[in-house]
Each structure stands twice: as structure tokens, then as C-alpha cells.
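A.B. asks: Requesting a structural model of the entry that follows:
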Amino acid sequence: MTAVHSLGWIGMGRMGFPMAERLLKAGHKVAIWNRTRAKAEPLAAKGGKVVDRVNELASCDIVFSIVSTGNDLEQIYFGPNGLVAGDGPRPKILVDCSSIGVDESESIAARLKEIGCAFVRAPVSGNGKCVKAGKLSSVVSGPKDAFETITPYLKVVAASGVSYVGEGELARICKIAHNVMLGVVFQNLLEITVLAQKAGVPRHAFLDFMNASVMGSVFTKYKSNALVNLDWTTTFTPPLLRKDLDLGLQAARELGVAMPITATAREALQAHIGAAHLQADPAGYLAKDFATLLESVARNAGMTLRPENVPTPTGLETEG
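C.D. replies: You can find the predicted model right below:
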């Protein structure tokens with residue numbers, strides 16, 4: 001497939017790498033920048049053009065980004081030698097797939113509008129395995145004409161679905177709400193799994209039942225292997241989940257919405273983060289997957305967990 005527009009990509013983390021890779025596999029030419037160039041180099045063998053400076057993407061028509069924080073995005077856009085710094089060429093459309101706060105996004109959007117760049121907010125739902133399995137989805141807000149322009153490319157990346165929800169920051173609100181649900185549902189899943197295990201039910205048997213029931217989901221299925229076999233390979237960390245729960249509670253205060261269950265889940269998460277300091281390597285422990293929360297729930301129940309060593313499909317298996 002030949003791209004109608006020239007594409008740029010910023011960010012080669014756990015999500016950004018497979019997302020950009022999908023565009024390359026679909027036949028699009030993509031120029032790529034990452035703060036650590038070595039992380040982007042493997043995509044050069046797949047047709048990506050790896051650049052040394054982010055402002056080398058300024059001549060692209062559309063530039064996608066997925067980074068950790070709003071401050072990261074601001075620096076990449078407007079910092080010294082940033083993407084839109086200076087008086088040279090600028091992308092027509094910037095598409096940000098990061099999970100950042102509404103206030104941060106509003107500030108960035110206002111600055112981009114002043115220099116004539118359309119800003120599309122397109123946060124995504126899923127992890128790196130979801131991307132590879134074609135089960136990533138995206139919620140989008142911003143100028144409707146810009147959304148229509150970027151949709152063919154975004155649908156390659158977010159093959160499970162692209163939902164346009166309106167102008168401005170509405171996609172940010174939707175993603176915050178989404179991650180609040182993730183935190184609350186996961187905390188409850190951990191609690192009932194430990195409850196069943198303490199009564200005598202193996203974790204793999206209980207989760208097999210839950211996943212086959214009407215309460216099962218893509219999420220509960222793909223997290224089950226981690227819970228059964230205590231596989232803490234990182235997809236999303238506890239501090240990042242806390243950031244999103246805090247964003248949700250902040251939005252709730254501003255909009256006058258009571259969210260007592262979210263507040264409780266947030267405090268359970270905070271207790272887990274605090275308990276990490278009992279570990280030999282607290283920072284390393286908090287860099288593991290947020291499924292480590294199971295250990296805190298079990299400890300509070302007076303239990304010590306061990307891997308069950310039972311093969312547990314995630315539903316996200318891919319060939320190759």
C-alpha cells in the first residue's frame with residue numbers, strides 16, 4: 001500500500017514499537033524518532049526511516065506520538081529543536097495516542113492552534129500484545145476533518161476499532177474513564193481470585209470459570225496467565241495505573257461526580273506501592289506489571305502465593 005500522506009512516529013516504548021510496526025507491515029513509509037535511537041533501529045530493517053532529531057519529522061504530513069507523560073509530549077513538541085519549534089516546516093496534523101491529563105492536553109492544543117497545526121487526541125486501549133494481535137482500539141477527539149484524514153492510518157494501528165467522540169478533549173476523558181474501570185475491575189478480580197483460592201479453588205480453575213462466564217472479557221482472559229503463573233512481565237506498571245486513577249478522581253472532583261469505588265481502589269493501589277519499599281529493590285518491583293497487586297491482596301489475606309505452572313492461553317497469541 002502506498003501512503004497518501006507522509007507519516008512520522010514518536011515513541012518506541014512497549015506500545016509505540018508494535019504500533020509503528022503495523023503501519024510498516026501495511027506498506028506505509030514511516031519516519032521514526034525515539035529518544036534512545038537503539039530502540040527504533042530494529043524497525044529500520046522493516047522499512048522504517050530512523051532519524052536522529054525529532055525536528056526531522058517536521059516535514060511529515062501526519063506525526064503520531066505515544067509517550068509517558070504530558071511533560072514529555074510538551075518537550076518533544078516545543079522544546080529546544082522540538083517538532084514544531086522554530087519557523088521551519090511543520091506537520092499538518094499531530095496525532096497523540098498517549099494517556100495524559102486534560103489540562104496538559106488543552107495547553108498543548110492551544111499552542112498548536114496558534115501555529116496552525118491540527119491536534120488529534122487518540123489514546124488507545126490495550127497493551128503491546130493487543131497491538132500485535134489486532135485487538136487494539138482507539139478513542140478519538142479533535143477536528144472532524146483531521147480525524148477523517150488520519151482514520152485510514154489509525155485503523156491499521158487500532159484494528160479492533162476507532163471511535164470518534166467529538167471535539168476537544170473528550171477522548172482524554174474517555175481514556176481516563178477506561179483506565180479507571182481497568183483499575184477497579186482488576187482490584188475486584190484479584191480479591192475474588194484470592195477469596196476462591198483461600199477456600200480451596202486453584203487460581204487457574206477459578207479464572208477458567210470466570211473467563212467462560214458472562215463476566216469474562218478480553219481483559220480478564222489475557223491477565224489470567226499472569227495471575228495463575230505469577231508472570232510479572234510488564235505491560236503496565238502500578239505507578240502508571242495510579243496516575244490514571246488520580247486523573248479520574250481529579251476529573252470527578254471538577255465535574256462533581258461521586259466515585260467512592262474508584263477512591264477505594266486507588267487507596268488499595270497506594271498501599272501496594274507503599275509496601276514495595278519492603279522489597280530488596282523497590283524501584284525494580286514497581287517497574288514490574290501491575291498484576292503484582294495480587295501479592296498484596298494475598299498478603300492481606302495471610303497467604304503466600306506460588307506459581308501454579310498451568311499453561312493459560314491469553315487469547316492474544318499470534319503467529320511468529
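
A.B. asks: in a strand, that's where residue 247 is, yeah?
C.D. replies: No - in this structure, residue 247 is helix, not part of a strand, as judged by DSSP: H, G, I helix; E, B strand; the rest coil.

A.B. asks: Now do the same contact list for it.
C.D. replies: 101-102, 176, 179 (CB atoms under 8 Å, 6 or more residues apart in numbering). (Each C-beta comes from the backbone N, C-alpha and C, glycine too.)

A.B. asks: pLDDT at it, what is it?
C.D. replies: Residue 247 carries a pLDDT value of 91.

A.B. asks: Between the two ends of stretch 106-125, how far is it?
C.D. replies: End-to-end distance of stretch 106-125 (CA to CA, to the nearest Å): 21 Å.

A.B. asks: Identify each buried residue in that stretch, please.
C.D. replies: Residues 108-109, 112, 117-125 are the ones in stretch 106-125 that count as buried (16 or more other CB atoms under 10 Å).

A.B. asks: just the strands in the stretch 1-150 of the chain please.
C.D. replies: 7-10, 30-33, 49-50, 62-65, 93-96, 118-121, 124-125, 137-141 (DSSP state E, counting those that start in this stretch).

A.B. asks: if we can go back for a sec, which of the buried residues of stretch 106-125 sit farthest apart?
C.D. replies: Farthest apart among the buried residues of stretch 106-125 by CB to CB are 117 and 125. That separation is 25.5 Å.

A.B. asks: Nearest to residue 302, out of the strands of the stretch 1-150 of the chain?
C.D. replies: strand 124-125 (35.3 Å).

A.B. asks: Packing partners of that closest one?
C.D. replies: Applying 3 or more CB pairs under 8 Å, 6 or more residues apart in numbering; DSSP states H and E, we find strand 124-125 packed against strand 137-141.

A.B. asks: chain center to the strand it packs on, what's the gap?
C.D. replies: Distance of strand 137-141 from its chain centroid, counting by CA atoms, centre = their mean, to the nearest Å, is 12 Å.

A.B. asks: need the contact list for residue 218.
C.D. replies: 135, 315.

A.B. asks: I'd like to know how far it sits from residue 130.
C.D. replies: Shown here: residue 218 relative to residue 130, a distance of 8 Å by CB to CB, to the nearest Å.

A.B. asks: Out of the strands of the stretch 1-150 of the chain, which gets nearest to residue 83?
C.D. replies: strand 62-65 (6.6 Å).

A.B. asks: Give the pairing partners of that closest one; include direction for each.
C.D. replies: Strand 62-65 pairs in its sheet with strand 7-10 (parallel), strand 93-96 (parallel), by DSSP bridges.

A.B. asks: mind checking which of those strands is nearest residue 54?
C.D. replies: strand 7-10 (6.5 Å).

A.B. asks: Residue 278: how many residues sit nearby?
C.D. replies: Using other CB atoms under 10 Å, residue 278 has 9 other residues around it.

A.B. asks: Apologies, that question was intended for residue 145.
C.D. replies: That count, for residue 145 with other CB under 10 Å as the rule, works out to 9.

A.B. asks: Buried residues in the helix or strand where residue 151 lies, which are they?
C.D. replies: Secondary structure assignment for residue 151, by DSSP states H and E: helix 144-157. Neighbour-count burial for helix 144-157, with 16+ other CB under 10 Å as criterion, is recorded at 146-147, 149-151, 153-154, 156-157.

A.B. asks: immediately after it, which helix or strand?
C.D. replies: Taking DSSP H and E, what comes next after helix 144-157 is strand 161-166.

A.B. asks: Residue 140 and residue 122 touch, don't they?
C.D. replies: Yes - Residue 140 is in contact with residue 122 according to CB atoms under 8 Å; the separation is 4.6 Å.

A.B. asks: what residues do the two have in common as contacts?
C.D. replies: With CB under 8 Å, 6+ apart, residue 140 and residue 122 have common neighbours 154, 162, 171.

A.B. asks: quick one: the helices in the stretch 1-150 of the chain?
C.D. replies: 16-25, 37-40, 70-78, 102-114, 128-132, 144-157 (DSSP state H, counting those that start in this stretch).

A.B. asks: picking that back up, neighbour-wise, which one of the contacts of residue 247 leads?
C.D. replies: residue 176 (25 neighbours).

A.B. asks: before we move on, what SS does the closest residue to residue 226 other than its chain neighbours have?
C.D. replies: Closest residue to residue 226 apart from its sequence neighbours, by CB to CB, 6 or more residues apart in numbering: residue 291 at 4.1 Å. When classified by three-state DSSP, residue 291 comes out as helix.
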